[in-house]
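Trainee: Okay, here's the prediction I keep looking at, along with the sequence it came from:
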Number of protein chains: 2
Amino acid sequence: MKRKAILVSIDGLGDRPIHELGELTPLEAAATPTLDRIASEGLTGLVDPYAPGIPCGTDVGHLCMLGYDPNEVYSGRGPIEALGAGLEIFPGDVAFRCNFATVDQEGKVSDRRAGRIRDGVAELARLLDNISLNEDIIANFAPATDHRAVLVLRGKGLSPQVSDSDPGGNNEGMAMQKVQPLDKTDAAIRTAQAVEQYLAIAREVLGKHPLNRQRIMSGQLPANAILTRGAGIVTYCTPLRERFKGLRCAAVSGEATVQAIAKMAGMQNYTHPGITGSYDFNGKLKAAAVLELLADNDLVLVHIKATDLAGHDGRWDQKKNIIEQIDTMVGQIKANIPPDTLIAITADHSTPCTVKEHSGDPVPAVIWGKGVRADKQVTYGETSCSHGGLGRITGNNYFHILIDLMGFSQKFGA
Amino acid sequence: MKRKAILVSIDGLGDRPIHELGELTPLEAAATPTLDRIASEGLTGLVDPYAPGIPCGTDVGHLCMLGYDPNEVYSGRGPIEALGAGLEIFPGDVAFRCNFATVDQEGKVSDRRAGRIRDGVAELARLLDNISLNEDIIANFAPATDHRAVLVLRGKGLSPQVSDSDPGGNNEGMAMQKVQPLDKTDAAIRTAQAVEQYLAIAREVLGKHPLNRQRIMSGQLPANAILTRGAGIVTYCTPLRERFKGLRCAAVSGEATVQAIAKMAGMQNYTHPGITGSYDFNGKLKAAAVLELLADNDLVLVHIKATDLAGHDGRWDQKKNIIEQIDTMVGQIKANIPPDTLIAITADHSTPCTVKEHSGDPVPAVIWGKGVRADKQVTYGETSCSHGGLGRITGNNYFHILIDLMGFSQKFGA
């Protein structure tokens, strides 16, 4: 018998004990009657999204959560961001993550984010899109969130083995880096030259744009350069539908990265202006979207980014509060699903408030539904799940267990 | 934030229930207030140094404990023993473990250890070092512990694919074996011939040595032959410092094998005549060394061999007693470390007193420190750790978890 399932991905959920919370984690300290009920009736455990002790990015964490091997499908962050920004990307293309930045006359980066520019970005991006470079290379460019954007180079003989022009995270005041080939192939040399040519064009176009003159006059930093990083190529992912007996699946997420991963996995992306990847996620709207999608899908992924944001900001109070809102959202979903539906709750990685970054700590996980083997744990938390019946498994294991409970797995042997 | 850590390696710690100890293991029966406190406040689990049910040597167990894949860096025991004995070994060299042995006139091995010869070994070894063989092959030889020694062959076109001349563990009375190539390459054939030539020279040099005449006259077994085994080549290990964001690390061990592994991992080896790998390890001295090294290092490994010796000797009373001394040593360390320091305690393998050999039983492990997720276990023992929050993980997993808690891990993805 085939069953439907909802996969709740609570971004950066896992945490470490917080002194102010009486050495509990935000999840353990939060009032979560629905999540605890699900844990009590379900099968809990700890999930290492990729492997024990290895911190994952949101991209890798979600690839693993959907049963993909990131070593096979993952090459740089560029392609994922490009997909997220709505750019098409084909095998052979090379994609880069970009920032609009402020660069002074000597070529030094005075702000890697051009004062976190937001307004007018779409207009600037349009001028940088669809540009012909030497050797029949075409550059496509699209804005992403705020000061972020993506660049896709298309042409013959390109390579992702090129260095970043972006000097990196904490290096304000450093020079913009020359893009270098990282190996001795013609493709890497060609690609590095193409990026350099593109970046020079971008500086010229942006430097004389009226929007930047206005910004300077009003005391804002101009977006007068593009920085590139994370070159990568797209790799073909076999869609979930092909891998698992025609599994129909959809995703509800307000975040570009997760939307991109969902697209790679062949999932339908549900979009709605009220569904965001920010602090004020709309749980009610997400719950309604999940229930709507469940009518025509077997698996519905619902992703909440706000927990990760709170982790990065070190705000355990906020994180606890968001988890309580998620509890309400899950309650709304649980109250309205068909009787045989499974609910799986996990995360793509931990973002402990004490670390303010992704960590390698495993994440608490649970699978709930009629006929699922229950264990003795009665709450949903990092410590209780560490004693749960799923044991300690990988994100890939977890997804395959869910797929099997749904009745979509393939027998190995006969 | 980066944090320091102490990694306590209690050699052969894991054991099985001992009837005389009320079906407790030596660790469970020992009075270990500090270790129990650490387990109670920390995160416990079971570690399979390599994989479940696979007994490891001290070399492999420590390689895994430091996050290396023994299949990548390990080829035979010879190179590790050679490093431990202070011989240089380079890519292309082939190294062998050796015993001084007693062989009768018919070529039969009457004692594989020449009566566990100790005195005079250095002098005999000197005569067997730096010998030129056919085809420009040079043989270097150095004594190790007691009757043990190492041989390194250096020359063009050598191979570790040769058989042992040593008939093995319980085969006293068997003939010394002819060294055979294990594949059909010229290198294996050349190497087998070189070893045979060397062993003939050794028999000649040793047979006429006055020390052996003295031994025979005083009723002792002569060391009149060399037995070879464990041919291997050296493989390059990427130092921990390069693998993990500049991690500075040092080791405190009195045992040659662990010192050799530490050297391979690029760790600073602390040496002091009072620090031994024998029963009477000096815990106070080791604790002081750890604290001294911690000033300039991020990770300090401290190794205690005595537990393994007691396991091999089947002395559970002794093993229990040593564990209590280790508890005191850990207490001295714990009382004097900076507040954010992590303490990790594990072992390279189990050496159950009932087996008197390394076994594949997992070893109890714990990680302790501020902000580490605690579990519900309150003692440090084989059974309590089997219910711990770390679950059942590999030695490699354990090391990566520690590195992540130290803040030295690299994010996979973005």
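Mentor: Cool, the structure landed.
Trainee: where's the spatially closest residue to residue A:23 that is not a sequence neighbour relative to residue A:88, distance?
Mentor: Leaving aside its sequence neighbours, residue A:23 sits nearest to residue A:17 (CB to CB, 6 or more residues apart in numbering or on different chains; 4.2 Å). Backbone N, C-alpha and C define where each C-beta goes, glycine included. Distance, residue A:17 to residue A:88, by CB to CB, to the nearest Å: 46 Å.
Trainee: Could you list the residues of the stretch 51-200 of chain A in contact with chain B?
Mentor: Residues of the stretch 51-200 of chain A lying close to chain B (CB under 8 Å from any CB of the partner chain) are A:51-61, A:63, A:70, A:74, A:77.
Trainee: Could you rerun that using 7 Å?
Mentor: A:52, A:53, A:54, A:55, A:56, A:57, A:59, A:60, A:61, A:70, A:74, A:77 (CB under 7 Å from any CB of the partner chain).
Trainee: If you rank those residues by neighbours, which is first?
Mentor: residue A:61 (32 neighbours; other CB atoms under 10 Å in any protein chain shown).
Trainee: any idea how far residue A:69 is from it?
Mentor: Residue A:61 is 13 Å from residue A:69, where distance means CB to CB.
Trainee: can you list contacts of stretch A:348-358?
Mentor: Stretch A:348-358 is contacted by residues A:9, A:11-12, A:14-16, A:18, A:26, A:49, A:55-58, A:61-62, A:65, A:308, A:311-312, A:314-316, A:319, A:359, A:361, A:363, B:371, B:411 when judged by CB atoms under 7 Å, 6 or more residues apart in numbering or on different chains.
Trainee: Give me the buried subset of those.
Mentor: A:9, A:11-12, A:14-16, A:18, A:26, A:49, A:55-58, A:61-62, A:65, A:308, A:311, A:315-316, A:319, A:359, A:361, A:363, B:371 (16 or more other CB atoms under 10 Å in any protein chain shown).
Trainee: what's near enough to touch residue A:62?
Mentor: With contact taken as CB under 7 Å, 6+ apart, residue A:62 is in contact with A:9, A:258, A:261, A:348.
Trainee: Among the residues you listed, name the ones in helices.
Mentor: A:258, A:261 (DSSP state H).
Trainee: Of the contacts of residue A:62 - the most surrounded one?
Mentor: Busiest of the contacts of residue A:62 [other CB under 10 Å] is residue A:348, holding 33 neighbours.
Trainee: List the buried residues of the host helix or strand of residue A:125.
Mentor: Here residue A:125 sits within helix A:121-127, counting by DSSP states H and E. Residues of helix A:121-127 classed as buried by neighbour count (16+ other CB under 10 Å): A:121, A:124, A:125.
Trainee: Can you find the residue of the stretch 101-250 of chain A that comes nearest to chain B?
Mentor: residue A:230 (6.9 Å; CB to the nearest CB).
Trainee: quick revisit: and residue A:17 and residue A:88? Which one has more around it.
Mentor: For residue A:17 versus residue A:88, the count of surrounding residues by other CB under 10 Å is larger for residue A:17: 20 against 11.
Trainee: thinking again about what came up before, can you dump the C-alpha coordinates of the helix holding residue A:125 into CSV?
Mentor: The C-alpha trace of helix A:121-127 is given here as CSV (Å, rounded to 0.1, in the frame of the first residue of the first chain):
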residue,chain,number,x,y,z
VAL,A,121,19.1,45.8,-8.1
ALA,A,122,16.7,44.3,-10.7
GLU,A,123,17.4,47.2,-13.0
LEU,A,124,21.2,47.0,-12.6
ALA,A,125,21.0,43.2,-13.1
ARG,A,126,19.1,43.6,-16.4
LEU,A,127,22.0,45.7,-17.8
